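Trainee: Fold the following, please.
(10 chains)
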Number of protein chains: 10
Amino acid sequence: MLFLVRMDVNIPRDLPADEANEIKAREKAYSQDLQRDGRWKSIWRVVGEYANYSIFDVSSNDEMHQLLQGLPLFPFMKIDVTPLAAHPSAIA
Amino acid sequence: MLFLVRMDVNIPRDLPADEANEIKAREKAYSQDLQRDGRWKSIWRVVGEYANYSIFDVSSNDEMHQLLQGLPLFPFMKIDVTPLAAHPSAIA
Amino acid sequence: MLFLVRMDVNIPRDLPADEANEIKAREKAYSQDLQRDGRWKSIWRVVGEYANYSIFDVSSNDEMHQLLQGLPLFPFMKIDVTPLAAHPSAIA
Amino acid sequence: MLFLVRMDVNIPRDLPADEANEIKAREKAYSQDLQRDGRWKSIWRVVGEYANYSIFDVSSNDEMHQLLQGLPLFPFMKIDVTPLAAHPSAIA
Amino acid sequence: MLFLVRMDVNIPRDLPADEANEIKAREKAYSQDLQRDGRWKSIWRVVGEYANYSIFDVSSNDEMHQLLQGLPLFPFMKIDVTPLAAHPSAIA
Amino acid sequence: MLFLVRMDVNIPRDLPADEANEIKAREKAYSQDLQRDGRWKSIWRVVGEYANYSIFDVSSNDEMHQLLQGLPLFPFMKIDVTPLAAHPSAIA
Amino acid sequence: MLFLVRMDVNIPRDLPADEANEIKAREKAYSQDLQRDGRWKSIWRVVGEYANYSIFDVSSNDEMHQLLQGLPLFPFMKIDVTPLAAHPSAIA
Amino acid sequence: MLFLVRMDVNIPRDLPADEANEIKAREKAYSQDLQRDGRWKSIWRVVGEYANYSIFDVSSNDEMHQLLQGLPLFPFMKIDVTPLAAHPSAIA
Amino acid sequence: MLFLVRMDVNIPRDLPADEANEIKAREKAYSQDLQRDGRWKSIWRVVGEYANYSIFDVSSNDEMHQLLQGLPLFPFMKIDVTPLAAHPSAIA
Amino acid sequence: MLFLVRMDVNIPRDLPADEANEIKAREKAYSQDLQRDGRWKSIWRVVGEYANYSIFDVSSNDEMHQLLQGLPLFPFMKIDVTPLAAHPSAIA
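Mentor: Okay, here's the model as predicted:
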């Protein structure tokens, strides 16, 4: 079951650089684990912005929320979720 | 080079059903040709709306515009285009 | 799996009254069938507007879309879908 | 008398963790008390956001305001209230 | 129980003048009946617009909706409803 | 001459509680003085928000601005002013 | 007492040219009469749009509304009114 | 003196094709004349939309408005004008 | 060449009062100098807001920007600029 | 391949002046290097705002993002990117 998710990141300037870097490293690992297990199917940078569009493949709304709420950057992101369905013109 | 494209379809009620169906059949064929040649990578229905999100892979802004302008439903759609770039956390 | 859905109805003035009434009767029957089988859990009128908020309980995004697309009034509605998850403070 | 309420929570980063946790614990107790007495009928998490949609059943606008204003997180929330009425298609 | 209601009127140009005038006459009578019985407490014109702000005093959300839905101009208005509560600084 | 005014209050968290309370006490007194002299005709709480809708009766735009600018909470409010005129359906 | 007014004109395409021209001629005469008597102090075209910004000097909200409602183009305009007050830095 | 102008074109479906084509031909000639005399410096298509962004170089606001108002497609366009000034980092 | 300019002022609360007063005094002198030389033709307070609408008469976009950028309050204002042209109904 | 980019700059007040000046000097040098190599074709100030509109000529979305992300002021800007295509009426 697919979702399109947009995440806009806004790390406060007064967060110590060490702390910010540690959070970003955990975020990257967290994302790559989910990419490897197939639930975070795609992630793209929005040109010119500290933001991404991602495709997730999960089995329920609850699972979708758990994955997003667990993001290390969750407290510093604005997240917008769009549920997707099969399109009748899709060939695959 | 990737683009996220949202298309909202609004076919006028006074378009004769035959004409509408013929346009939708051409739209489907047009989309599937581009899906087969790899430029229209994905198409998903937005849940609850006569709309889709799609991913395109083209070699220039001009090619992106030509593909969209050529859509049989182009006169009846509101289209929004977001250029995408590689994300540093993407594993593939 | 729950969704909050807002539907705003806008029936064109030039739709013949007979046709409009027939569509509204089918809409009501369609809604009540889904309420009886438990998938359309709640429907409320928005005060002062020809609109409703509803709660649906379905097993996938695809099922959610199929139910909404099948609404007899679908061509005359603006629909907005919000996926819901369990809240940690909910007692039931 | 029903209301749909959306609450978006935004706890300032400089609120001490102890204080934040104490407020959140009081918020949970407050919510569960109202759920038990039947006035806070439902609460759901909005997928991907620190926000909820809730249904309240109260006897007046004043009671609705008193309940919301009494929320321990009230100073840290943006709240949007929509009055609901019975829908003619509802079976219950 | 008070509500602030904004109504924006938009009568279609192709509605025959006789019909429009008859609807407006019924609207005026309907409004003045409710003003006389105390439920439509105030009505003011928004300067420069075919719109009004009104204060209603009713006993429930359902009654509020029934009054608004019964307006002869209801099909030609955009209506926005804000529930009001007592203000602690009000002297009366 | 009437105006509908919406005021949204946002007192900064770092304003000392004593100072905030003193400002709020002065605001209440200021409001009640104007209510007593008839210029601040009504004040209602917006349900669920730290905001009010008010009706003012003044003799000019300048007087309206002077009254609002003099509010002790003026620096902490977003204010929106709508000029009102007599409505032809009003009975009084 | 001054108001800034923005008027956006949208004459329907199916209004007969004769009728449109007659309305526009009356609009011009109406505007110039009010300019001559000093109540319509200024009128400017918004660059690139079929719209104007105007300054009116009237003695009440009711007079402001009567002048605007009397515009021959009133049924074909979206009007936005902003009340103005004296500015403490103005030299005149 | 430069302006950035965005034009969104919306030709009504019931405009006869001959008439639409004749207007579009005149629009093209009009645009190319102004491009040749240097006042319409650039014109680009917005990817995926029937819209353009253009740069104009004119000597006054009045000239800017006259050029835009004279566009054969003017009645069918939404136009948005942004005045531009020299940027201190520009090398030319 | 005329421009309508709206300025919304937002002086940060932690700016020392002395500094704020000194900036406001310089702003007033700057504005009055430009009013006297005829380039800042009018300035009005927006009722209920710490904002003004002004009319400027300058010879170019660059001059318009230089005047605005030179405002002592420029760092604390949101400024919106609308270019104006002669209106065919203006009598003067 | 062209892009229209709008950048709105917002340097926090508590950034030390030395640091801000150093960043602005690097920004200017960065911009002028890209202007000289032809990728940053134009940069204009938006009249009245600390913002610019720019035209970039790059070979891919990824290159566009790399250039923008590398801006010394990137952390302090809101950036909006519009992909442009050739316009059929352009003479050059």
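Trainee: Can you name the residue of chain A nearest chain F?
Mentor: Nearest to chain F, among the residues of chain A, is A:D14, at 14.5 Å (C-beta to the nearest C-beta). Heads up, the C-betas are built off the backbone N, CA and C, glycines and all.
Trainee: can I assume that residue sits in a strand?
Mentor: No: with DSSP: H, G, I helix; E, B strand; the rest coil as the criterion, A:D14 is assigned coil and is not in a strand.
Trainee: OK, contacts around it?
Mentor: Counting by C-beta atoms under 8 Å, 6 or more residues apart in numbering or on different chains, A:D14 touches no other residue.
Trainee: Would you list the phi and psi of the nearest residue to A:P12 once chain neighbours are set aside?
Mentor: With C-beta to C-beta, 6 or more residues apart in numbering or on different chains as the criterion, A:P12 has its nearest non-adjacent residue at 6.4 Å, and that residue is D:R13. When quoted as degrees, to the nearest 10, the phi and psi of D:R13 stand at phi -60, psi -30.
Trainee: Check A:A51 too.
Mentor: Per-residue torsions, A:A51: phi -160, psi 160 (degrees, to the nearest 10).
Trainee: For chain A, which segments count as strands?
Mentor: Secondary structure of chain A, counting by DSSP state E: strands at A:2-9, A:40-46, A:51-57, A:77-86.
Trainee: For beta bridges, what are the partners of the residue nearest to A:K78 when sequence neighbours are not counted?
Mentor: Of all residues beyond its chain neighbours, the one nearest A:K78 is A:D8 (4.5 Å), with distances taken as C-beta to C-beta, 6+ apart. As for beta bridges, A:D8 partners with A:A51, A:K78 under DSSP bridges.
Trainee: Where does pLDDT dip in chain A?
Mentor: Within chain A, no stretch has pLDDT under 70.
Trainee: which residue does it bring closest to chain E?
Mentor: Using C-beta to the nearest C-beta, A:D80 is the residue of chain A that sits closest to chain E, at 24.7 Å.
Trainee: gap between that residue and G:P12?
Mentor: As for A:D80, its distance to G:P12 is 37 Å (criterion: C-beta to C-beta, to the nearest Å).
Trainee: which of these two has more neighbours?
Mentor: Legend: neighbour count by other C-beta atoms under 10 Å in any protein chain shown for A:D80 and G:P12, higher for A:D80 (13 against 10).
Trainee: For the more buried one, which non-adjacent residue is closest in space?
Mentor: A:D80 sits nearest to A:R6 (C-beta to C-beta, 6+ apart), 4.6 Å away.
Trainee: Count the neighbours of that neighbour for me.
Mentor: Neighbour count of A:R6, defined by other C-beta under 10 Å: 19.
Trainee: Please list all residues in contact with it.
Mentor: Taking C-beta under 8 Å, 6+ apart, we find A:R6 in contact with A:V46, A:A51, A:N52, A:Y53, A:S54, A:I79, A:D80.
Trainee: I'd say A:G48 and J:L67 touch.
Mentor: No: here A:G48 lies out of contact with J:L67, judged by C-beta atoms under 8 Å, at a distance of 9.1 Å.
Trainee: ok, the two, which is more surrounded?
Mentor: The neighbour comparison of A:G48 against J:L67 (other C-beta under 10 Å) goes to A:G48, with 27 against 19.
Trainee: which residues does the nearest residue to A:K41 once chain neighbours are set aside bridge with?
Mentor: Among residues not flanking A:K41 along the chain, A:I55 sits closest, at 4.4 Å (C-beta to C-beta, 6+ apart). Beta-bridge partners of A:I55, counted by DSSP bridges, are A:L4, A:S42.
Trainee: Next, the contact list for A:I55, please.
Mentor: A:L2, A:F3, A:L4, A:V5, A:W40, A:K41, A:S42, A:L84, B:S42.
Trainee: count of residues packed around the third one?
Mentor: Using other C-beta under 10 Å, A:L4 is surrounded by 20 other residues.
Trainee: Stretch A:53-63 spans what distance, first to last residue?
Mentor: Length of stretch A:53-63, first residue to last, C-alpha to C-alpha, to the nearest Å: 18 Å.
Trainee: Stretch A:40-59 now?
Mentor: 12 Å.
Trainee: Tell me, how many residues neighbour the residue nearest to A:K78?
Mentor: 14.
Trainee: from chain A, which residue is nearest to chain J?
Mentor: Counting by C-beta to the nearest C-beta, chain A gets nearest chain J through A:G48, at 4.1 Å.
Trainee: which residues does that residue contact?
Mentor: If you count contacts by C-beta under 8 Å, 6+ apart, A:G48 has them with J:V5, J:M64, J:H65, J:L68, J:Q69, J:I79, J:D80, J:V81.
Trainee: Can you report how many residues lie near the fifth one?
Mentor: By that I understand J:Q69. If we define neighbours as other C-beta under 10 Å, then J:Q69 has 15 of them.
Trainee: And the lengthiest helix in chain A, what does it pack against?
Mentor: Counting residues, the longest helix found in chain A (DSSP state H) is helix A:17-36. Using 3 or more C-beta pairs under 8 Å, 6 or more residues apart in numbering or on different chains; DSSP states H and E as the contact criterion, the elements in contact with helix A:17-36 are strand A:40-46.
Trainee: which residues sit against the strand it packs on?
Mentor: Applying C-beta under 8 Å, 6+ apart, the contact partners of strand A:40-46 are A:2, A:6, A:31, A:34-35, A:51-57, A:67, B:2, B:4, B:55, B:82-90, J:65.
Trainee: Please indicate which of those residues are buried?
Mentor: Buried members of those, scored by 16 or more other C-beta atoms under 10 Å in any protein chain shown, are A:2, A:6, A:31, A:34-35, A:51-56, A:67, B:2, B:4, B:55, B:82-85, B:87, B:89-90, J:65.
Trainee: if we can go back for a sec, please work out which residues outside the longest helix of chain A touch it.
Mentor: A:11, A:40-41, A:43, A:67, A:70-73, A:76, B:88-92.
Trainee: Filter those residues down to the buried ones and express that as a PyMOL selection.
Mentor: Buried residues among these (16+ other C-beta under 10 Å), as a PyMOL selection:
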select buried, (chain A and resi 11+40+43+67+71+72+73+76) or (chain B and resi 89+90)
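Trainee: Narrow the contacts of helix A:17-36 to those in helices?
Mentor: A:L67.
Trainee: of all of chain A, which residue lies closest to chain I?
Mentor: Closest point on chain A to chain I, by C-beta to the nearest C-beta, is A:D14, at 14.5 Å.
Trainee: Closest residue of chain A to chain H?
Mentor: For chain A, C-beta to the nearest C-beta, closest residue to chain H: A:V47, 12.1 Å.
Trainee: Thank you kindly, that will do.
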